[in-house]
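Trainee: Sequence first, predicted coordinates after that:
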There are 2 protein chains.
Amino acid sequence: MPKFADRIKTMEGTATIIRDLFGAMTDPNIISFGGGAPAKEALPVDALHKICNDVMADPALSITALQYGNPQGYLPLREAICKYLLEPKEIDCDPERVLITTGGLETMNLICQIFINPGDVILVETPTFVHCVEVFEMFQARCVSVECDDFGMILDDVEAKIKQFHPKIIYVVPTFQNPTGKTLPVDRRKKLAELGSQYDVIILEDDPYRDIRYSGTDLPPIKTFDQTGNTVLANSFSKIFSPGARLGYVLATRELISLFFQIQTATISHTSMLTQVLCAEFFHRGYYPDHLKKICQIHRERCNKMMECLDTYFPEGTRHTYPDGGLFTWVELPGGLDTKELLPEAIQRKVAYVAGEGFYTDPGKGTNAMRLSFSAVLPEKIEIGMQHLGNLFRSRL
Amino acid sequence: MPKFADRIKTMEGTATIIRDLFGAMTDPNIISFGGGAPAKEALPVDALHKICNDVMADPALSITALQYGNPQGYLPLREAICKYLLEPKEIDCDPERVLITTGGLETMNLICQIFINPGDVILVETPTFVHCVEVFEMFQARCVSVECDDFGMILDDVEAKIKQFHPKIIYVVPTFQNPTGKTLPVDRRKKLAELGSQYDVIILEDDPYRDIRYSGTDLPPIKTFDQTGNTVLANSFSKIFSPGARLGYVLATRELISLFFQIQTATISHTSMLTQVLCAEFFHRGYYPDHLKKICQIHRERCNKMMECLDTYFPEGTRHTYPDGGLFTWVELPGGLDTKELLPEAIQRKVAYVAGEGFYTDPGKGTNAMRLSFSAVLPEKIEIGMQHLGNLFRSRL
């Protein structure tokens, strides 16, 4: 074999974490709090049955769905995004500034292709979404962690680290963050957009969970405070429509969208037209409002069940977040328990979680922490799984 | 805006060519010989109507199609690839050595992520597929052209250039090549595989057109001569199933597939499950043999019509290939005519082609050449378009 590219080496550690994650997700005998999949009961099967049928019976639409398309994305889907997802949040937008991606993660890949040379710095949250760190490592970026409190990034530390490291990108999941479930308050959102403009840094706002809210009130996206085009809004249809469709989108300036276009053309040519047509029909036919209610209801119940089980079964001194939405809670165990060490035993008891360490870019942090996802597990199974985990952890104190 | 990555600069020229290509393809008032789309009459609309309906009515399969999946790809699709596409060509394979990609182009992107550092050399055909050159340029690879004759790469020149440039990859479209329609003879295929093994270079065999044959007999893929795993077979479902589905696959060693897995995980997470499930059903239900006959029949008729029109309408002294299959013919005009210069006039006459220059990595070559695609144009429109082009070219001699 010829010698591999240098990036293969920088990706090694994170790649293992991700692979383990996929492994635990797919074993049907394990109650997995590991993945980030939505409830299968929350997938729009009936709506898509009807839509598929109509699309394939339509002489023009069926050809559109099966033929090559515009690399920027299917126009009716870009229109649906503006009309049903962005404008209601008072985000200044038009379809010319939206590009469709093959899932939310592709946006990270495309934006790195646009901006990142090896050694360039990206600021990330502490802890942060491990899957994106893998993308950043593939581009040989240097990830630098920003200090966070119970509400997310501490803005003084952001500014200090901008001055010290001159990052090109600040990566942030402001709403129901992955992995912690935390939400960034409105004053910090505004300030972050301003820091992006002031220091000419890209604020990469990754906001896939925001519509799945169980309590509290909607906060304006960081993008609404952006005056200079430095904030790039990335989003995904995985949690509100279907992860298997692999659809996401990005809203940015026209100049940036034309670079996104160029890079996507050289990466996968364009996103599947078939899934784009189906998704556009889903929104234009008005299925979304009721579907979203259903998703929220299903996930809210599971979230409540998990909160209840944490208080009932987990050892005293356990700390955890109470997410207002999304799919995750972040749990810190007392008494020096090591979640990575305990994971094989948990899996023997047929329960999986993701150990906290992998979500930190600095080694040795989060050893007592774990990410628990409640979304893909039925409430009665949440009860059983959490009881097993609680028993395990209490037996080791 | 922060400073763009260095790769944005290396991509500039090629990106413009590609964008023009997409532009000419989508104007409905133009008879376009420019794109590489299959005939819309060759898309399996009726089969997919039935399959979509059944998949969405199936409680298990519908969830599989809409939920997250394995980044290596949906197992029944990998099995279908082995059983219906690779084994009949006597290619040694198993589903563990196959990975599904989001279209054929993604394989180029993934393999560059695995192997290419800036400055690494990739050998390409003369002329070569411009879209792949764009990918290679995004990775700041140095593309070096290998001399070609009427049958493709001249192997003595390949060996000389391996010794001189120490390439990591040799990129070759051996069957009905894009842009020329040429096919590499069997002895050269064998020798190319051997050179890959001998000098430890990856032979990247891109073979999306091979099943669409109108005349002559099937040739064994380069991969069948590979003894060391140095040949990587890349293929696409765009021409034999649907470009809009965005599906392709790669066959390589297990070691390489595990790297493809890792890189795809960090790029788009995985390919759409929905399109994979539909495609797997299409093959397992036995639609492919009859569908392929239909595709070949439709495209053969268009190919013949174009060959006839070239002889009838184009100026004396025109040289062109007689492809045994695929979507393209390569035309060289006499008398110093410049195809790039003449293109705006052709478009004024409502006919588009791709000027030859863009398919060369060295400037100044192919100025009298053009790629003509007959696949997406009805025979009667081919007649009209070719007559207009012929009139234009003859008027300038």
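Mentor: That came through fine.
Trainee: what does the stretch 51-200 of chain A put close to chain B?
Mentor: Residues of the stretch 51-200 of chain A lying close to chain B (CB under 8 Å from any CB of the partner chain) are A:52-53, A:56-57, A:62-71, A:102-103, A:105-106, A:109, A:112-117, A:120, A:131, A:134-135, A:137-138, A:168-169, A:200. C-beta: built from backbone N, CA, C; applies to glycine.
Trainee: er, the stretch 201-350 of chain A actually
Mentor: A:201-202, A:229-230, A:238, A:242-246, A:255-256, A:259, A:261-263, A:265-275, A:278.
Trainee: So what's the residue count around the closest residue to A:V250 other than its chain neighbours?
Mentor: Once flanking residues are discounted, A:V250 sits nearest to A:T107: 4.7 Å by CB to CB, 6 or more residues apart in numbering or on different chains. For A:T107, the count of nearby residues is 28 (other CB atoms under 10 Å in any protein chain shown).
Trainee: For stretch A:75-87, C-alpha coordinates in CSV please.
Mentor: Output in CSV follows, covering the C-alpha atoms of stretch A:75-87 (Å, rounded to 0.1, in the frame of the first residue of the first chain):
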residue,chain,number,x,y,z
LEU,A,75,-35.3,24.7,-5.2
PRO,A,76,-38.7,23.8,-3.7
LEU,A,77,-36.8,22.3,-0.7
ARG,A,78,-34.7,25.5,-0.3
GLU,A,79,-38.0,27.4,-0.4
ALA,A,80,-39.6,25.2,2.2
ILE,A,81,-36.6,25.7,4.5
CYS,A,82,-37.0,29.5,4.3
LYS,A,83,-40.8,29.5,4.6
TYR,A,84,-41.3,26.8,7.3
LEU,A,85,-38.0,26.7,9.2
LEU,A,86,-36.1,30.0,9.0
GLU,A,87,-38.6,32.8,8.5
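Trainee: Just list the residues touching the spatially most central residue of chain A, thanks.
Mentor: Centroid check for chain A by CA atoms, centre = their mean gives A:P208 as the closest residue, at 5.3 Å. If a contact means CB atoms under 8 Å, 6 or more residues apart in numbering or on different chains, then A:P208 has A:104, A:173, A:235-236, A:238-239, A:248 as its contacts.
Trainee: If any of the residues of the stretch 201-350 of chain A next to chain B are buried, put those into a ChimeraX selection.
Mentor: A single ChimeraX command selects the buried members of those (16 or more other CB atoms under 10 Å in any protein chain shown):
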select /A:201,202,229,230,238,242,243,244,245,246,256,259,261,262,263,265,266,267,268,269,270,271,272,273,274,275,278
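Trainee: from the residues of the stretch 201-350 of chain A next to chain B, which ones fall inside strands?
Mentor: Counting by DSSP state E, those place A:I202 in strands.
Trainee: Go through the residues of the stretch 201-350 of chain A next to chain B and flag which are in helices.
Mentor: Taking DSSP state H, the ones among these that sit in helices are A:255-256, A:259, A:261-263, A:265, A:273-275, A:278.
Trainee: residue boundaries of the helices in chain A?
Mentor: A:6-26, A:45-57, A:59-66, A:75-80, A:104-115, A:130-138, A:155-165, A:186-199, A:254-265, A:273-284, A:288-313, A:339-348, A:379-395.
Trainee: now the angle between helix B:104-115 and the fifth one, please.
Mentor: Relative orientation of helix A:104-115 versus helix B:104-115 (axes from the mean of the first three to the mean of the last three CA atoms, to 10 degrees): 60 degrees.
Trainee: Mean confidence (pLDDT) on helix A:104-115, please.
Mentor: Averaged across helix A:104-115, pLDDT comes to 96.
Trainee: Could you do the last one as well?
Mentor: Mean pLDDT, taken over the full extent of helix A:379-395, equals 98.
Trainee: Now do it and helix A:339-348, the angle between them.
Mentor: Orientation check (the same axes, to 10 degrees): helix A:379-395 against helix A:339-348 gives 130 degrees.
Trainee: try the fifth one
Mentor: Per the same axes, to 10 degrees, the angle that helix A:104-115 makes with helix A:339-348 is 150 degrees.
Trainee: what angle do helix A:104-115 and helix B:130-138 make?
Mentor: With the same axes, to 10 degrees defining the directions, helix A:104-115 sits at 70 degrees from helix B:130-138.
Trainee: in the stretch 201-350 of chain A, which segments are predicted with low confidence?
Mentor: For the stretch 201-350 of chain A, applying pLDDT under 70 flags no range at all.
Trainee: Quick one: residues contacting A:T367.
Mentor: Contacts of A:T367 (CB under 8 Å, 6+ apart): A:338-340, A:356-357.
Trainee: How about A:L66?
Mentor: If you count contacts by CB under 8 Å, 6+ apart, then A:L66 has A:273-274, B:43-45, B:48, B:242-245 around it.
Trainee: now for the helices of chain A, which one comes closest to B:K89?
Mentor: Closest to B:K89 of the helices of chain A is helix A:59-66 (CB to CB; 25.4 Å).
Trainee: A:G181 and A:F328 touch, don't they?
Mentor: Yes - A:G181 is within contact range of A:F328, at 4.8 Å (criterion: CB atoms under 8 Å).
Trainee: Please report the distance of the nearest residue to A:N178 once chain neighbours are set aside from A:H320.
Mentor: Using CB to CB, 6+ apart and skipping residues adjacent in sequence, the residue nearest A:N178 is A:F129, 4.5 Å away. Counting by CB to CB, to the nearest Å, the gap from A:F129 to A:H320 is 18 Å.
Trainee: the more surrounded of the two?
Mentor: A:F129 (23 against 20).
Trainee: my guess is that one contacts A:F359, does it?
Mentor: Yes - contact between A:F129 and A:F359 holds when scored by CB under 8 Å: they sit 7.5 Å apart.
Trainee: Name the residues contacting each of the two.
Mentor: Contacts common to A:F129 and A:F359, judged by CB under 8 Å, 6+ apart, are A:P179.
Trainee: Report the spatially nearest residue to the closest residue to chain B within the stretch 251-397 of chain A, omitting neighbours in sequence.
Mentor: Per CB to the nearest CB, the residue of the stretch 251-397 of chain A with the smallest distance to chain B is A:M273, at 3.4 Å. Excluding its sequence neighbours, the residue lying closest to A:M273 (CB to CB, 6+ apart) is B:G244, at 3.4 Å.
Trainee: Fine by me, thanks again.
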